[in-house]
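Peer 1: A predicted structure for the sequence below; I have some questions about it.
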Amino acid sequence: MLKVAFYIDDLNLESYDLSNILNGNPGIGGTEYITIKVAKHLSDEGVNVVLYSPEQLRLPSGIKFKQSKKIEKVVSVCEKENTILIFRLYSGVHSDILSIIAKYPKSKILFWLHLTPAQNLITDLAQLKQVKGFICVENNQRVRLIDGLFQNKLFTIPHPAIYNTPNYVKPNYEIPNLCYLGALVPQKGFHLLADIWPIIKVKHPKLKLYVIGSGDLYKKNYYKNNKLAISETYKDRIFKNLSPDDSSVVFLGNLDSGERQKIFEKCGIGIANPLGTTETFCISAVEMQQFGLVTIAAKKFGLTDTVLHNQTGMLVKNKTQFIKAIDRLVTSEVLRIKMSSHAIGYVHNKYNSKKILNYWIDLLNNIDNETSELVLLDLRKIDKKSTQALVGLINRKFLWIFGIRWPMLITVWSRLRSIKSIF
């Protein structure tokens, strides 16, 4: 029997009931939610699944739980039990993971790139035989890694849709209120929406803005007398242009799936990270589109995969485009209805849970049988239409011929682009 283990870091999830994870996100972080959701899907298909964590978790039936505070112990046990171990690799941490994994040459490791890691770390890890692959969550992330010498170990498996069946929730077409879904931290860009909201209100005084999320998903009591857990510094930034007394903005904090659905029914437009940073995929964008909310987000990184510009939503580069996108959607009911329908179909086709599960099972079976080169072509496909992808391919060929390691051109390209903030 195929045996798979997942490792979730200590993120204070013990207070959450995760047993009904297939019914939607109960209000935890997207990475943790998707990990448990995929684990449950695999378990339901007969895969022997174990989930390791430093803390006690209330997991769905079928998933075995083992508590462990040290990742080295998990790697050791998985090697002995011939279990494929999957865990996330961060951008600037886990630098010691290289020495840990090197001690266990018969282990089978898959790194799940919820965030894009540093070049040196992923390059060094890829040279280890026991590291079987790196799972990119969408094409844009894959493109940004395309010119590395570890290309043959890259696979692409998008996250599955939040819900397994279509949810035909009718958005509010009469008054297309806005819904922001995401954490209230600087990198998720809510302050950019707060900056332009007074301008939107002048044009459309009947609109409301519902804000779902907080500054901390787990430590609910960390900030005293502040239910939204927003740091004082970021709070000042949010209310730089937005009045704290603006009754048209409703801050709701963290909501479970049922509570979020009730808010979606009041809205017609979704806002997902207008800044775009940290988004390798953006689960919030997919969830809102699945419910028919036409979604506006930054034209950056994973959002260019999960939101189809002018089809399921609009991608913006600057403040002017942001305001125009909202104004255009608010004033055109015909456009909203058309894009809303397309958004629902798009999510349920591309991010269909059954389709995504097949990708996982195919990859895991081939790694278990040591035939990973035979995995489905879809897992290795790259959209080569972009200039970034072309430059990346050229650079990879240069590295292969001359054996010189230099900063990946895609990384340099991204850094140059990031110098120009969209706001």
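Peer 2: It's in.
Peer 1: For the chain, which segments count as strands?
Peer 2: Residue ranges of the strands in the chain, as given by DSSP state E, are 3-7, 48-53, 63-67, 84-88, 108-113, 131-136, 154-156, 177-181, 209-212, 249-253, 267-272, 294-298, 313-316.
Peer 1: closest to residue 243 out of those?
Peer 2: strand 249-253 (8.6 Å; CB to CB). Heads up, the C-betas are built off the backbone N, CA and C, glycines and all.
Peer 1: what's the angle from that closest one to strand 177-181?
Peer 2: 30 degrees (axes from the mean of the first three to the mean of the last three CA atoms, to 10 degrees).
Peer 1: Report all helices and strands that strand 249-253 contacts.
Peer 2: strand 209-212 (3 or more CB pairs under 8 Å, 6 or more residues apart in numbering; DSSP states H and E).
Peer 1: Could you list the paired strands of the strand it packs on along with their orientation?
Peer 2: strand 177-181 (parallel), strand 249-253 (parallel) (DSSP bridges).
Peer 1: Buried ones in stretch 230-247, by neighbour count?
Peer 2: 230, 231, 235, 237, 238, 242 (16 or more other CB atoms under 10 Å).
Peer 1: Just the residues you listed: which are in helices?
Peer 2: 235, 237, 238 (DSSP state H).
Peer 1: Domain map for the protein?
Peer 2: Segmentation of the chain into domains, based on automatic domain parsing, reads 3-161+353-415, 177-350.
Peer 1: I'd like the ones you listed laid out as CSV, including mean pLDDT.
Peer 2: Formatted as CSV, the domains of the chain follow (pLDDT from 0 to 100):
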stretch, mean pLDDT
domain 3-161+353-415, 83
domain 177-350, 91
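Peer 1: okay, those, which one's buried deepest?
Peer 2: domain 177-350 (a mean of 19; mean count of other CB atoms under 10 Å).
Peer 1: What is the end-to-end distance of it?
Peer 2: End-to-end distance for domain 177-350, by CA to CA, to the nearest Å: 27 Å.
Peer 1: In contact with the closest residue to residue 353 other than its chain neighbours, which residues are there?
Peer 2: If the residues on either side of it in the chain are set aside, residue 353 comes closest to residue 160, at 4.1 Å by CB to CB, 6 or more residues apart in numbering. Residues in contact with residue 160 (CB atoms under 8 Å, 6 or more residues apart in numbering) are 34, 37, 38, 41, 351, 352, 353, 356, 357.
Peer 1: repeat that for 6 Å
Peer 2: Counting by CB atoms under 6 Å, 6 or more residues apart in numbering, residue 160 touches 351, 353, 356.
Peer 1: before we move on, the earlier item: for residue 318, find the nearest of the strands paired with strand 209-212.
Peer 2: strand 177-181 (18.3 Å).
Peer 1: can you give me the angle the closest one makes with strand 267-272?
Peer 2: Using the same axes, to 10 degrees, strand 177-181 lies at 30 degrees relative to strand 267-272.
Peer 1: ok, and what's touching strand 177-181?
Peer 2: Counting by CB under 6 Å, 6+ apart, 190, 193, 207-212, 263, 266-267, 269-271, 284, 288 sit against strand 177-181.
Peer 1: How about stretch 38-54?
Peer 2: Taking CB under 6 Å, 6+ apart as the rule, stretch 38-54 contacts 1-8, 10, 21, 60, 62-66, 68-69, 74, 357.
Peer 1: Can you check the distance spanned by it, start to finish?
Peer 2: Termini of stretch 38-54 sit 20 Å apart (CA to CA).
Peer 1: ok so, going back, could you export the ones in helices among the buried residues of stretch 230-247 to TSV, including columns for distance to residue 379?
Peer 2: Below are these laid out as TSV (distance: CB to CB, whole Å):
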residue	distance to residue 379
235	43
237	41
238	40
